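Enquirer: Quick one: sequence plus predicted model below, questions after.
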Amino acid sequence: GVDFTETFCGTLRHESSRIFLALTNEADDDLLEIDTVKAFSSADMDGNPLYIVQPTGFEDPNYAACLLLAPLEGTKQAGYQYMITNTATLTKIGFQQSVVEPNFFKRQNEDGSTIYLALYVDNMLVRFPKGRRGLVDEFICQYSKRFNVSIIGEPSRFLGFEITRHRSVREITLCQTKYIEEVATNFLSERTSKSFTTPICQSRIEEFHKLSGANSDVDRSRMRSKSYLQLMGSLLWVTITRPDISFHVSFLCQFMQDPSPQNYDAALSVVSYLHHTKNLGLTYEGSKGTLEVYADSSWGSLAKPFAGYTIKYGGASISYQSKKLKLVAQSSAEAETAVYALAARNLQFTLNLFEFLDNPQQLPIRIFTDNSATRDSIKNPGVTARTRHYVRWLLYAREQFLHHISHLCPTLDIYFDDDRRHFY
């Protein structure tokens, strides 16, 4: 197709999948994975005609092109058409779609029980009350009238991570052991397979902070044979279940346009650390938990500081991020306020998901930060010489505090500690 306007196809966010699985474990509900067979070609055209060039060997001189009666896999519109058709089908059989996370659906049955769905294009996780498989069979019967489905069973892998569930102690663990092994096989050799207990060797932390891109044509020539972009892509995928490398990967990604050999060696150190800790992951406990948020930022060494936050629930992180801020902070208080605002925005998204999944949280939620000036400027509305230049998005932190959504709590400097695993 050439003439088209809509190609968007929503996908499930990783924090959404972690929240979905953590709450499934907490409720001790059953879980089932379903796959839609030939999903794209089963969608409706929805009044949008799509033409393709006649396939080789099937040309008819009387016609210039072929009119498709259904979306063809590989066409840019197919994903969008399937998303629209699938949403309409689920809505028709009684499911309510989340406004915040369009890939979440739920349906309350006559007996008061609820079925929850988490969709990733044509893959679906179904959460339902323990021992009530009949509810799912009824749903599959209704859904199968429109789409052909394949029942995979209780999921052991989803979105690239492995799921291990211990029902007896009500724990669920998400890890990427097999994928880490593949990354190590692709990038590590005997020379670079040293064992590390942290992503970066303790003696090289200061050196790591001073890394920069290629400084000469010699460095660029050496990097031509290195797959730095592929390596960064692999490490970014591992951060789905390994928040302990979020800062290091985010820091190294800023050199992707013009990497140096030192950047590549540092990335290999992270891979080596992952290889020797490949069985680690996120383990969520089944006891009723509360949300806690930790936020911290660097300031001083870089014009644009790095910031990070984590939202914890059930004993592990469900949402986390490390990124370079888009502002030149004038003080440590401004840098800390910026990361607080970043954490507060993502906390609101998390709260909305919890509410849709019928697990509302008691407000306010505690956000831990180690900067007293940040706490004072947020708690006490007013303008001072040091805060009058704050842009609007920084003031979002104060707005959330005033509306009793979040509550500031003091804590130690945890994010930029030498052993960054303590943050998580």
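Expert: Yes, it's here.
Enquirer: Name all residues that make contact with Arg157.
Expert: Contacts of Arg157 were listed using C-beta atoms under 8 Å, 6 or more residues apart in numbering, and they are Ile163. Glycine gets a C-beta too; all of them are placed from N, C-alpha and C.
Enquirer: Run through the helices of the stretch 251-400 of the chain in chain order.
Expert: Assigned helices in the stretch 251-400 of the chain, in chain order: 261-276, 332-356, 372-379, 396-402 (criterion: DSSP state H, counting those that start in this stretch).
Enquirer: Repeat that for the stretch 1-150 of the chain.
Expert: Using DSSP H, counting those that start in this stretch, helices in the stretch 1-150 of the chain cover 14-27, 78-92, 133-143.
Enquirer: My guess is Ser250 contacts Tyr320. True?
Expert: No: with contact defined as C-beta atoms under 8 Å, Ser250 does not reach Tyr320; the gap is 10.9 Å.
Enquirer: Comparing the two, which residue is more hemmed in?
Expert: Tyr320 (24 against 19; other C-beta atoms under 10 Å).
Enquirer: Please list all residues in contact with the more buried one.
Expert: By C-beta under 8 Å, 6+ apart, the residues touching Tyr320 are Pro243, Ser246, Gly308, Tyr309, Thr310, Ile311, Tyr424.
Enquirer: Could you pick out which of those are located in strands?
Expert: Gly308, Tyr309, Thr310, Ile311 (DSSP state E).
Enquirer: Let me have the helices of the stretch 251-400 of the chain in JSON lines, adding distance to Lys106, mean pLDDT and mean neighbour count as columns.
Expert: Below are the helices of the stretch 251-400 of the chain laid out as JSON lines (distance: least, C-beta to C-beta, whole Å; pLDDT from 0 to 100; neighbours: other C-beta atoms under 10 Å):
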{"stretch": "helix 261-276", "distance to Lys106": "36", "mean pLDDT": "93", "mean neighbour count": "21"}
{"stretch": "helix 332-356", "distance to Lys106": "7", "mean pLDDT": "90", "mean neighbour count": "22"}
{"stretch": "helix 372-379", "distance to Lys106": "35", "mean pLDDT": "78", "mean neighbour count": "18"}
{"stretch": "helix 396-402", "distance to Lys106": "27", "mean pLDDT": "75", "mean neighbour count": "19"}
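Enquirer: circling back: which pair in the contacts of Tyr320 has the greatest spatial separation?
Expert: Spanning the widest gap among these are Ser246 and Ile311, at 12.9 Å by C-beta to C-beta.
Enquirer: rewinding a little: the helices of the stretch 1-150 of the chain: which one's closest to Glu399?
Expert: Using C-beta to C-beta, the helices of the stretch 1-150 of the chain put helix 14-27 closest to Glu399, at 22.2 Å.
Enquirer: Please spell out which residues along the closest one are buried.
Expert: Residues of helix 14-27 classed as buried by neighbour count (16 or more other C-beta atoms under 10 Å): 14-27.
Enquirer: and which of the residues you listed is nearest to Ala118?
Expert: In terms of C-beta to C-beta, no member of the buried residues of helix 14-27 lies closer to Ala118 than Phe20, at 4.6 Å.
Enquirer: ok, and the closest non-adjacent residue to the closest one?
Expert: Ala118 (4.6 Å; C-beta to C-beta, 6 or more residues apart in numbering).
Enquirer: just checking, that neighbour touches Phe104?
Expert: Yes: assessed by C-beta under 8 Å, Ala118 is found in contact with Phe104 at 6.1 Å.
Enquirer: okay, and the common contacts of these two?
Expert: In contact with both Ala118 and Phe104: Ser16, Phe20, using C-beta under 8 Å, 6+ apart.
Enquirer: So between those two, which is more surrounded?
Expert: Ala118 (26 against 22).
Enquirer: now that one, which residues is it bridged with?
Expert: The bridge-partner assignment for Ala118, based on DSSP bridges, gives Phe104, Leu125.
Enquirer: ok, it - contacts?
Expert: Leu12, Ser16, Ser17, Phe20, Asn103, Phe104, Met124, Leu125, Arg127.
Enquirer: Which of the residues you listed sits closest to Asp296?
Expert: Taking C-beta to C-beta as the measure, Ser16 is the one of these closest to Asp296, at 24.2 Å.
Enquirer: All the strands of the stretch 51-200 of the chain, residue numbers only.
Expert: Assigned by DSSP state E, counting those that start in this stretch, the stretch 51-200 of the chain shows strands spanning 51-52, 66-67, 96-97, 104-108, 114-120, 123-128, 149-153, 157-158, 161-166, 171-175.
Enquirer: how about TSV for the ones you listed, with distance to Glu138 and mean pLDDT added?
Expert: Below are these laid out as TSV (distance: least, C-beta to C-beta, whole Å; pLDDT from 0 to 100):
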stretch	distance to Glu138	mean pLDDT
strand 51-52	38	82
strand 66-67	37	84
strand 96-97	17	96
strand 104-108	10	96
strand 114-120	9	96
strand 123-128	10	96
strand 149-153	14	94
strand 157-158	23	92
strand 161-166	24	95
strand 171-175	26	96
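Enquirer: Take those strands and write them to a markdown table, including distance to Tyr396.
Expert: As requested, the strands of the stretch 51-200 of the chain are exported to a markdown table (distance: least, C-beta to C-beta, whole Å):
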| stretch | distance to Tyr396 |
| --- | --- |
| strand 51-52 | 47 |
| strand 66-67 | 50 |
| strand 96-97 | 27 |
| strand 104-108 | 24 |
| strand 114-120 | 28 |
| strand 123-128 | 32 |
| strand 149-153 | 41 |
| strand 157-158 | 33 |
| strand 161-166 | 31 |
| strand 171-175 | 30 |
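Enquirer: Of those strands, which is nearest Val136?
Expert: Nearest of the strands of the stretch 51-200 of the chain to Val136, taken as C-beta to C-beta: strand 123-128 at 5.2 Å.
Enquirer: Extract the C-alpha set from the closest one and format it as CSV.
Expert: Once non-C-alpha atoms are left out, strand 123-128 reads as follows in CSV (Å, rounded to 0.1, in the frame of the first residue of the first chain):
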residue,chain,number,x,y,z
ASN,A,123,-0.4,-12.7,22.1
MET,A,124,-2.7,-12.6,25.1
LEU,A,125,-2.3,-13.3,28.8
VAL,A,126,-5.6,-14.2,30.6
ARG,A,127,-5.8,-13.8,34.3
PHE,A,128,-8.8,-15.5,36.0
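Enquirer: Could you tell me how far Gly314 is located from Glu285?
Expert: Relative to Glu285, Gly314 is positioned 5 Å away (C-beta to C-beta, to the nearest Å).
Enquirer: whoops, I mixed them up, Ile240
Expert: Applying C-beta to C-beta, the value for Ile240 to Glu285 is 20 Å.
Enquirer: These two: which is more packed in?
Expert: Ile240 (20 against 17).
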